[in-house]
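Chemist: A predicted structure for the sequence below; I have some questions about it.
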Amino acid sequence: MDVLDRLTNRSELEQRLQPQADAVFIDAEALSQTLKSQVIGQDAICEELAAQIRRRLALQQRGKPIGVFLFAGPPGAGKTYLGKVLADALGRKLVHLDMTQYSSGGYAATSLFGSPKGYVGSDSYGKLTSALRDTPNALVLLDEFEKAHANVHKNFLTAWNDGFITEASNESHISTTAAIFVLTTNAAVDALASIKRDYAHNPDDMRSHADTALRSAGFAPEVLNRIDRIFIFEPLEGLDIARVAALEIERMIKGYGLSIKEGGIDPQILLDLIARQKKLGNAASSRDLVRAIEESVADSLIDAKQRGAQSVSLVDESGRVTARVAN
C-alpha cells in the first residue's frame, strides 16, 4: 500500500496538486457587440451570454466546465449559429456534434466516449474524449441534444458536475474544466415561447417553468440540474427575417464570385421571402430560408456570371428575380 493511501486522502491530495486555471478577464460589452453583429434578433441573449462567460472565465477555481448553456427555441432562430460565432469570438476550437447521430444506445456512447477493453474500437479514443484530450478549452456544441439516447445523456453528467469525462478504452479521466458546452434543442417550442412572454421579468420563475416544460419534452431532471443557464430564443419576425435573408443573399452572391452593389437588393425580393417564411409558421428554419433564396436567386446569378459580370443588383420583375450587371 502506498504510504499516501495509508496516511492521508490520496485522491484529494492529487486533486489539489492539479494546476488551477488562470483567471481570464474579458470585455463583456465587446463580446456582446461581436455576437450581436452576426446573430440577428437575439440581442438580449447575446448580452446575457457575454456576461455569463465573463463571470465564469474570471474564476480561478472552478472544478467544472466554464459553462453549460442550453439554447432552446424554434428552428432558424440562430441557436446553432450563435454557438459557432461564440467559439470564433473567443478564439476556441469548435467541436460540433449532431446529437441526432447518437440516438441508439450502445454504439452512440462508445462512438463519443470510447469502447471498453476487449470490444471493437478499444484501441482508439472516442470522438469527444479525443477532441477534449487534444483541445481541453474547446467549445463543444451539442446540436439537438434531446435527440441523443438517454445513455449518452448520462455520460455527460460527470463532465458537467465533476469536471471530467472517462475514456472507456483505458478509463483515463479527460478534464472538462476549461471547456464550454452549448446544447441546442427544438423541444417544447410553443410552451417555452409562452413561458418567456409570461415570465420575462422574473428569471427564477422562467427557469422553473422552463425546466418543467423541458422535462415534459424528455429532458431528464439530472441533466437539467447541471445546466447553468437556459436561453429561450425568439422566432425571427419582420425586419429580422429580412436582415437574415439579405445576409444569406450576399453570401450566395459572393459564393458565385460576384459582389452586390450597395442597396442592390430590391425590397420586394425580401418581402416575398418574409411572406414565404411566415407561411411555414414556427416550423420554419434557416435552412428553409436558404433554400428559398437559392430557388429564387441562383439561376439569375449564374447567368450574370456567364455574361462576365463582377458586380450585380437584384430586381424583382413580376415575381421573378433578375440579376442585373452593375456599373
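Modeler: Thanks, I have the structure now.

Chemist: quickly find the element holding the nearest residue to residue 232 once chain neighbours are set aside.
Modeler: Of all residues not flanking residue 232 in the chain, residue 196 sits nearest, at 4.5 Å (CB to CB, 6 or more residues apart in numbering). Every C-beta, even on glycine, is put in place using the N, C-alpha and C of the backbone. Using DSSP states H and E, residue 196 sits in helix 189-198.

Chemist: coming back round to it: does the residue nearest to residue 232 touch residue 205 like I think?
Modeler: No - with contact defined as CB atoms under 8 Å, residue 196 does not count as touching residue 205 (11.1 Å).

Chemist: looking at those two, which is more packed in?
Modeler: residue 196 (18 against 12; other CB atoms under 10 Å).

Chemist: how about the strands in the stretch 1-150 of the chain?
Modeler: Secondary structure of the stretch 1-150 of the chain (DSSP state E, counting those that start in this stretch): strands at 67-72, 94-98, 139-143.

Chemist: just the buried positions in the helix holding residue 196, please.
Modeler: Within helix 189-198, the residues that count as buried by 16 or more other CB atoms under 10 Å are 189, 191-193, 195-196.

Chemist: please apply the same query to stretch 108-128.
Modeler: Buried residues in stretch 108-128 (16+ other CB under 10 Å): 108-115, 125-128.

Chemist: distance from it to the middle of the chain?
Modeler: 25 Å (CA atoms, centre = their mean, to the nearest Å).

Chemist: ends of that stretch, how far apart?
Modeler: For stretch 108-128, the first-to-last residue distance is 11 Å (CA to CA, to the nearest Å).

Chemist: so what touches that stretch?
Modeler: For stretch 108-128, the surrounding residues in contact (CB atoms under 8 Å, 6 or more residues apart in numbering) are 95, 97, 101-102, 129-130, 133, 140, 148-149, 151-152, 155, 165-170.

Chemist: and these, which are buried?
Modeler: For those, buried by 16+ other CB under 10 Å: 95, 97, 101-102, 129-130, 140, 148-149, 152, 155, 165-169.

Chemist: any idea which helix or strand in the protein has the lowest mean pLDDT?
Modeler: Least confident helix or strand of the chain, by mean pLDDT, DSSP states H and E, is helix 10-17 with a mean of 66.

Chemist: residue 261 is in what secondary structure piece?
Modeler: With DSSP H and E as the criterion, residue 261 is inside strand 259-265.

Chemist: where do the helices of the stretch 151-300 of the chain begin and end?
Modeler: 157-161, 189-198, 203-216, 221-224, 238-255, 267-280, 286-306 (DSSP state H, counting those that start in this stretch).
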